[in-house]
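S.K.: Sequence plus predicted model, see below.
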Number of protein chains: 2
Amino acid sequence: MSDHGSNPTDQPQPSPQQEAAVQQAGAARNLDAHRDRYAQRTAGMTASEIRALFAVASRPEVVSLAGGMPNLAALPLDSLATEVSRLISVDGQAALQYGSAHGVPELREQICEIMAMEGITGHPDDVMVTVGSQMALDMVTRLFCDPGDVVLAEGPSYVGALGSFNAYQAKVVHVAMDDDGLQPEALRHAISEVTSRGERIKFLYTIPNFHNPGGVTLAVQRRAEILEICRHHDILVLEDNPYGLLGFDGQTYPALRSLDPDNVVYLGSFSKTFASGLRVGWVLAPHAVREKLVLAAESATLCPPTLNQMIVSRYLSTHDWKGQIKTFREQYRERRDAMLSALEQHMPEGCSWTKPDGGFYVWFTAPEGVDTKAMLPRAVTQRVAYASGTGFYADALGSRQMRLSYCYPTPERIREGVRRLANTLTDEMELVRTFGSVPQRSVSGPEAPSPDTA
Amino acid sequence: MSDHGSNPTDQPQPSPQQEAAVQQAGAARNLDAHRDRYAQRTAGMTASEIRALFAVASRPEVVSLAGGMPNLAALPLDSLATEVSRLISVDGQAALQYGSAHGVPELREQICEIMAMEGITGHPDDVMVTVGSQMALDMVTRLFCDPGDVVLAEGPSYVGALGSFNAYQAKVVHVAMDDDGLQPEALRHAISEVTSRGERIKFLYTIPNFHNPGGVTLAVQRRAEILEICRHHDILVLEDNPYGLLGFDGQTYPALRSLDPDNVVYLGSFSKTFASGLRVGWVLAPHAVREKLVLAAESATLCPPTLNQMIVSRYLSTHDWKGQIKTFREQYRERRDAMLSALEQHMPEGCSWTKPDGGFYVWFTAPEGVDTKAMLPRAVTQRVAYASGTGFYADALGSRQMRLSYCYPTPERIREGVRRLANTLTDEMELVRTFGSVPQRSVSGPEAPSPDTA
């Protein structure tokens, strides 16, 4: 008789095969020997479910409307190479050495000149250079958010911001947009809901211009109202503006920061107007906040790369950077046109989409019953990819939506991609009509951002 | 009669001058309009008290023995400039574009070859490239530490690591070192103390080779014992090794990671062996941990700068980087010799210091009664600067200590700096003898790191 005694019940004993299967399942659960050691914040840290698909989606035969990669083909690489070579030869001792977490002074002055184009009066001392504005997002969240604090954000919102908020266990409450951007009434409603639950709102995160992924712009007449609401309720505003200079008619809008300097923290970036791979962004903040941001940044990266800051600074002082932005704008406008006309031409009845006048993205809504995440593998089979909508929400919304990027593929490829997508969607709608609407997906939390969805 | 009524007590009314002073003090307290909005973690975020001094200390007439800036004078700037120019001209479209948070694959393979020099067998897939190893420190802490969790660290320890631990509200418990590095018996004792208080230890943070700021190296015969203690108590080991290839006799030591791959997370850096201003470091972690680190890094910076990674990769494949490290080693050895002989020659009775056989730093202990932080302004007046000891502890220790760096000044300047420091110290000891020992300073928490103390 074994130590365990005979079977005291009538339950059948597991077969050796069953036991092996159970052991195997246990082993699978235990693959990460460190699983009991992680911090609580890692519970919400999940890989994008569609990440595996990107490996397929990045194959050349697939038209990717998923990524947010800027088109760098128009950059003057040869003259840039010459300039960087001179920088390293002559100033390499400084360019390759540690700098301050605050950032290179000359670049901070130039950043102030750039921000002035959108009406901002800022002092170079109140600017901190960051490793892309993703780092600025992360630092601001680190500074302000305790676990459980609420961040208000447009719905949908930038996936990278949701990733940072999630990393600090902040709770995102979405505020609806329409074609004129964030709705003041929806903002008032959200504030009232959150405060009536006794929760604390730390800031409103907003992308006023050429929204990612929404493709809409906050109407000028709404800006003062939004700021007034936030000020009234003692809520800081975090304004994220990577696309502001990419208005297709050369138009710019008054930055929220220009309208309420003391209550707005402003984020800017060279990723979309120069070169994303340099990872140079910035934050402009009220003085006391900026001081704390520098302390936070020191413990995050010590300092941003000196070389990259000096490259941007030299580029700004030696190249026609405004002309370069005009070139970018014209390219992106041509691609936006290609996408909008192809959508008009090919998309079946019942679809709708936003019509951006700047930036990189169209936000697309499929007819009732279509689940864009479930459809994605079939789209990739048809050689087209997109970013499905749920990744841009911290809650279960967005299942009928998708973000279509026109920034990277050529106009011809965009037209072909939209044609393929329309075919996929038509097939999907046929399925929905035949078998009834696809059941609602289970809740999907925020996903970690990746450059593919940046 | 005013609304406030007459003075109901015999207390004298404040004079208008007093009232103005009170109002002014109130205004001073209220300068930061955002003070009630910050997260709890910012409570421990304080600027280094000696930061203001660095502005003075960086004047050319002051010999700074405070900074940890590598000496880049020996870098082959012209050939590097040519290589980077070619990289931008030919591969600019990739070098200036977003990459993955995981890092450039070719560089990750080269990193594995470098780590093999210290006995590590690692797979490129388990390497993640970071914005300097400071970012790796921050990401590992983000992954493992909830507020209140304990991190064990040598006492003294790297100020940047203390800054990261503090940012995540982890509690640092120091473990004593001697000339052979971390003491196993002290480690056992610390573990027992912490666990008896019911606190949870998340990892041991250690710099085994050429310790910053200690200047000592963990004896080879202690390594297996340290690892065994940690494994026995289910404590992860975080091995930080930026100086490992800078042993003055070309000697290397077996990495802790090479002895216990499953329980060690390893950090490496190009800041000390190539160029700090590129901010390229890395982490090698058990596979499941590395996967989570990539998710954390995506929300922190999206991806490290592509250009910088490709520059390092090209440098490694086209330059004699091992020869370059040999050149660095020889320079640093010469400077170490200059410092040690000057210390022997000039320092008064009762001082002691470590004798590093690699790396950047000497850890110096002044006689009883000397407070190195209080002495620093007087030293700067005498045109020499150092990093006072308390910044390297999370508690009140280190007031008699200082870190002396020999990495950046020339041997001649080092000798002059030590001579000035010896004079300052002699004067200080005279003061102590005359007026009695300086009272113990109040507790100083960890300070934010800066490149000056990196």
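M.R.: Right, received. Where do you want to start? Numbers count the residues shown, from 1 in each chain, chains lettered A, B, ... in the order given.
S.K.: use CA for all of it now, contacts and neighbours both
M.R.: Noted.
S.K.: residues contacting residue A:62?
M.R.: A:56, A:380, A:382, A:383, A:384, A:385 (CA atoms under 8 Å, 6 or more residues apart in numbering or on different chains).
S.K.: quick one: which of those residues is most hemmed in?
M.R.: For those, neighbours were counted using other CA atoms under 10 Å in any protein chain shown, and residue A:385 has the most, 29 neighbours in all.
S.K.: Report the separation between the closest residue to chain B within the stretch 251-400 of chain A and residue B:302.
M.R.: Here the stretch 251-400 of chain A gets closest to chain B at one residue, residue A:277, 4.0 Å apart by CA to the nearest CA. As defined by CA to CA, to the nearest Å, residue A:277 lies at a distance of 10 Å from residue B:302.
S.K.: Flag the shaky bits of chain A, pLDDT-wise.
M.R.: A:1-30, A:48-55, A:437-454 (pLDDT under 70).
S.K.: just the strands in it please.
M.R.: Along chain A, counting by DSSP state E, strands occupy A:63-64, A:127-130, A:150-155, A:171-178, A:181-182, A:201-206, A:236-240, A:264-269, A:281-284, A:352-353, A:361-365, A:384-385, A:387-388, A:401-405.
S.K.: got a markdown table for the contacts of residue A:62, with distance to chain B too?
M.R.: Formatted as a markdown table, the contacts of residue A:62 follow (distance: CA to the nearest CA, whole Å):
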| residue | distance to chain B |
| --- | --- |
| A:56 | 16 |
| A:380 | 21 |
| A:382 | 25 |
| A:383 | 22 |
| A:384 | 21 |
| A:385 | 18 |
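S.K.: Distance from stretch A:347-363 to the middle of the chain?
M.R.: 18 Å (CA atoms, centre = their mean, to the nearest Å).
S.K.: Can you point out the buried residues in it?
M.R.: Buried residues in stretch A:347-363, counted by 16 or more other CA atoms under 10 Å in any protein chain shown: A:347-348, A:351-363.
S.K.: that older thread, so if I had to pick from residue A:277 and residue B:302, which one is more boxed in?
M.R.: Set side by side, residue A:277 and residue B:302 show more neighbours around residue B:302, with 30 against 26, by other CA under 10 Å.
S.K.: So which bits of the stretch 251-400 of chain A are right by chain B?
M.R.: Taking CA under 8 Å from any CA of the partner chain as the measure of proximity, the stretch 251-400 of chain A contacts chain B at A:275-279, A:288-289, A:292, A:295-296, A:298-308.
S.K.: 10 Å instead, please
M.R.: A:262-263, A:271, A:274-280, A:286-289, A:291-308 (CA under 10 Å from any CA of the partner chain).
S.K.: Just list the residues touching the spatially closest residue to residue A:379 that is not a sequence neighbour, thanks.
M.R.: Closest residue to residue A:379 apart from its sequence neighbours, by CA to CA, 6 or more residues apart in numbering or on different chains: residue A:424 at 5.8 Å. By CA atoms under 10 Å, 6 or more residues apart in numbering or on different chains, the residues touching residue A:424 are A:375, A:376, A:378, A:379, A:380, A:381, A:382, A:383, A:384, A:418, A:430.
S.K.: overlap in contacts of residue A:277 and residue B:302?
M.R.: A:132, B:98, B:99.
S.K.: Counting only helices, which of the residues you listed make the cut?
M.R.: residue A:132 (DSSP state H).
S.K.: close to chain B, is stretch A:152-167?
M.R.: Yes. Judged by CA under 10 Å from any CA, stretch A:152-167 and chain B are in contact via A:159, A:160, A:161, A:162, A:163, A:164, A:165, A:166, A:167.
S.K.: wait, what's in contact with the residue in the stretch 101-250 of chain A positioned nearest to chain B?
M.R.: Nearest residue of the stretch 101-250 of chain A to chain B: residue A:144, at 4.3 Å (CA to the nearest CA). Residue A:144 is in contact with A:151, A:168, A:170, A:202-203, A:236, A:289, B:34-42, counting by CA under 10 Å, 6+ apart.
S.K.: can you give me the helices in chain A?
M.R.: A:16-29, A:51-57, A:77-95, A:105-116, A:132-144, A:159-167, A:184-196, A:220-232, A:256-259, A:287-301, A:306-318, A:321-346, A:372-381, A:411-435.
S.K.: In CSV: those, plus distance to residue B:317.
M.R.: What follows is the helices of chain A, written out as CSV (distance: least, CA to CA, whole Å):
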stretch, distance to residue B:317
helix A:16-29, 40
helix A:51-57, 28
helix A:77-95, 19
helix A:105-116, 32
helix A:132-144, 28
helix A:159-167, 34
helix A:184-196, 55
helix A:220-232, 53
helix A:256-259, 46
helix A:287-301, 26
helix A:306-318, 20
helix A:321-346, 33
helix A:372-381, 37
helix A:411-435, 37
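S.K.: Of all those helices, which one comes closest to residue B:85?
M.R.: The closest of the helices of chain A to residue B:85 is helix A:77-95. By CA to CA, the value is 4.5 Å.
S.K.: list the helices and strands the closest one packs on?
M.R.: helix A:306-318, helix B:77-95 (3 or more CA pairs under 10 Å, 6 or more residues apart in numbering or on different chains; DSSP states H and E).
S.K.: Quick one: distance of that helix to the chain centre.
M.R.: For helix A:77-95, the distance to the chain centre is 31 Å (CA atoms, centre = their mean).
S.K.: Check stretch A:379-396 too.
M.R.: Worked out by CA atoms, centre = their mean, stretch A:379-396 lies 14 Å from the chain centre.
S.K.: Show me what counts as buried in that stretch.
M.R.: Neighbour-count burial for stretch A:379-396 [16+ other CA under 10 Å]: A:379-380, A:382-396.
S.K.: can you pull the contacts of the nearest residue to residue A:373 once chain neighbours are set aside?
M.R.: Counting by CA to CA, 6+ apart, residue A:388 is the residue found nearest to residue A:373 once chain neighbours are left out, at 5.3 Å. By CA under 10 Å, 6+ apart, the contact set of residue A:388 is A:50, A:66, A:364, A:371-376, A:398-404, A:453.
S.K.: rerun that using 6 Å as the cut-off
M.R.: A:372, A:373, A:402 (CA atoms under 6 Å, 6 or more residues apart in numbering or on different chains).
S.K.: do the same with residue A:405
M.R.: Applying CA under 6 Å, 6+ apart, the residues near residue A:405 are A:65, A:66, A:360, A:361.
S.K.: Mind doing that once more with 8 Å?
M.R.: By CA under 8 Å, 6+ apart, the neighbours of residue A:405 are A:65, A:66, A:67, A:68, A:360, A:361, A:362, A:386.
S.K.: Please tell me how far the fourth one sits from residue A:158.
M.R.: Looking back up the chat, that one is residue A:68. Taking CA to CA, one finds residue A:68 at 11 Å from residue A:158.
S.K.: tell me which of the contacts of residue A:62 is nearest to residue B:187?
M.R.: residue A:56 (49.3 Å).
S.K.: so who does the closest one touch?
M.R.: A:62, A:380.
S.K.: Quick one: neighbours of residue A:334, just the number.
M.R.: Neighbour tally, residue A:334, other CA under 10 Å: 16.
S.K.: Just give the nearest non-adjacent residue to the most centrally placed residue in chain A, would you?
M.R.: Closest to where the C-alpha atoms of chain A average out (CA atoms, centre = their mean) is residue A:158, at 3.3 Å. In space, and not counting its chain neighbours, residue A:158 is closest to residue A:212: 5.6 Å by CA to CA, 6+ apart.
S.K.: re earlier: let me have the shared contacts of residue A:277 and residue B:302 in a markdown table, extended by neighbour count and distance to residue A:191.
M.R.: Formatted as a markdown table, the shared contacts of residue A:277 and residue B:302 follow (neighbours: other CA atoms under 10 Å in any protein chain shown; distance: CA to CA, whole Å):
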| residue | neighbour count | distance to residue A:191 |
| --- | --- | --- |
| A:132 | 28 | 30 |
| B:98 | 27 | 36 |
| B:99 | 23 | 38 |
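S.K.: any chance of the shared contacts of residue A:277 and residue B:302 in a markdown table, plus distance to residue A:249?
M.R.: As requested, the shared contacts of residue A:277 and residue B:302 are exported to a markdown table (distance: CA to CA, whole Å):
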| residue | distance to residue A:249 |
| --- | --- |
| A:132 | 26 |
| B:98 | 27 |
| B:99 | 30 |
